[in-house]
Structures are given as structure tokens and as C-alpha cells.
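J.: Turn this into a structure:
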Amino acid sequence: MTLFQLIMLGASAFFAYKIYEHIQTLKDSQENNVNDSSNTNARSADAFSTFDSSSLIDKADEEMQKGDLQKALAIYSEANIKEPNNAQTLFKMGYTLEKQDRDDEALEYYKEALNLDEYNTYIHQAMASLYRKTDEYASARTHLNRSLELDDKNPITYYNYGNLLVDMKHFDEAKDMYENALKLDSDFVEAKEELEKLQTEKEL
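T.: Sure, this is the predicted structure:
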């Protein structure tokens, strides 16, 4: 399960995908412009003049599911131009950039999203994951602690915290985190697998 899937698993109220049934097929010229776009702010607000920001987000989500990260990023950018200062859009732009290993850019978008929605636990978790990726463990831990302060009933937070603590070689604390995740969700397969790894290694 990817980070995005884990975040989506617990964030349905904030990032839920809507079924968009009325979107028209983009003209070939628009498709080509989207595919070729590498600058997230390069295109004008009129490029998708027939689509509102919500429709663009739906379309970009579809491209993410297909694995077309560059196209998704271009469309998220269109949504951001049409409706600036939307935490959901900024978060998704950050995640799409992170998936392309453009970590510095991703972090800036995460920070912007958090400034707009400082009580959103999933943005904190996304930032923690990125800091973990770059071995900035103290910053990662700060955001996970904040996520738990905001919501201590989310098993995903404990799972992500366990992963961080494994990287930090704090295995006993990691075990506690995985166990907390499973107390909240006994069917959390990934948490079970990581806990079993720790228990097996301890027995060796």
C-alpha cells in the first residue's frame, strides 16, 4: 500500500473522490498542452475555461490513478489557478511532486497547504513522510506528534510513526506503535506484517 493510499484510507472526508459523469473529452490540442507542461504555473487560467476547479481536481485524480503524474500535476495546477489557496489542491500537487522525487518543491506545497489547514492530520502525516524520506527524523516526529494530538484514533498515524521509529532504530517504541494501530484496526495488514518482522528479528 502506497503512502497516498494510506492517506486516502483515512481521509475520505477531506480527499474523497467524487464520481464525475459529465466531463467532456478534452480536445487534442488541450491534451497535448497538458502532457507537455512541466511548469506547474505556466499555463493560463483560461486553458480549461469550460471546467471549474472541482471538475479539474476530479480529472487530475483520474490521471493519478492511471499513473500519469505529469498530466495530473498540470491539471492540479489549473485547478490551483482557478481557485487559489485551496488546501486540498495544494496537498495533491505536493504529493504528485513527491512521487516524481521533486521533494523540495513538494515540501513547499505541503507547507502552503498546512498554513491553510493547520489542523489537518493528513497534511502533517504527508510532511512527516517526506521528512522521513530525507532522514530529517526530528521534523518527521514533530509532525506525527502533532497528528496524534489532533486525532489519536487514527491507526494510520500509529503505523506511519512505527515506520519512522524503525528507521530510527527505536524498535521497542515502533512495536508499541504497530500494536496501537492494530488495537484501532485489527485488520490493518501492513501493521501486522511490520509487527511480525520486529517480533521475528527480536527472536533471532
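J.: Just name the shakiest helix or strand of this protein by mean pLDDT.
T.: helix 12-15 (a mean of 34; mean pLDDT, DSSP states H and E).
J.: how many neighbours does residue 180 have?
T.: Neighbourhood size, residue 180 [other CB atoms under 10 Å]: 18. From N, CA and C alone the C-beta is placed, and that goes for glycine too.
J.: Could you report the separation of the closest residue to residue 53 other than its chain neighbours from residue 57?
T.: Sequence neighbours aside, residue 83 is the residue nearest to residue 53 in space, at 3.7 Å (criterion: CB to CB, 6 or more residues apart in numbering). Relative to residue 57, residue 83 is positioned 9 Å away (CB to CB, to the nearest Å).
J.: Give me the residues contacting stretch 145-161.
T.: Residues outside stretch 145-161 that contact it (CB atoms under 8 Å, 6 or more residues apart in numbering) are 6-7, 9-10, 119-122, 124-125, 128-129, 141, 144, 177-178, 180-182, 184-185, 188, 190-191, 194.
J.: Quick one: the helices in this protein, in order.
T.: Using DSSP state H, the helices of the chain run over residues 3-10, 12-15, 28-36, 53-66, 69-82, 87-99, 103-116, 121-133, 137-150, 155-167, 171-184, 189-203.
J.: Worst mean pLDDT among those?
T.: Note on those: lowest mean pLDDT is at helix 12-15, with a mean of 34.
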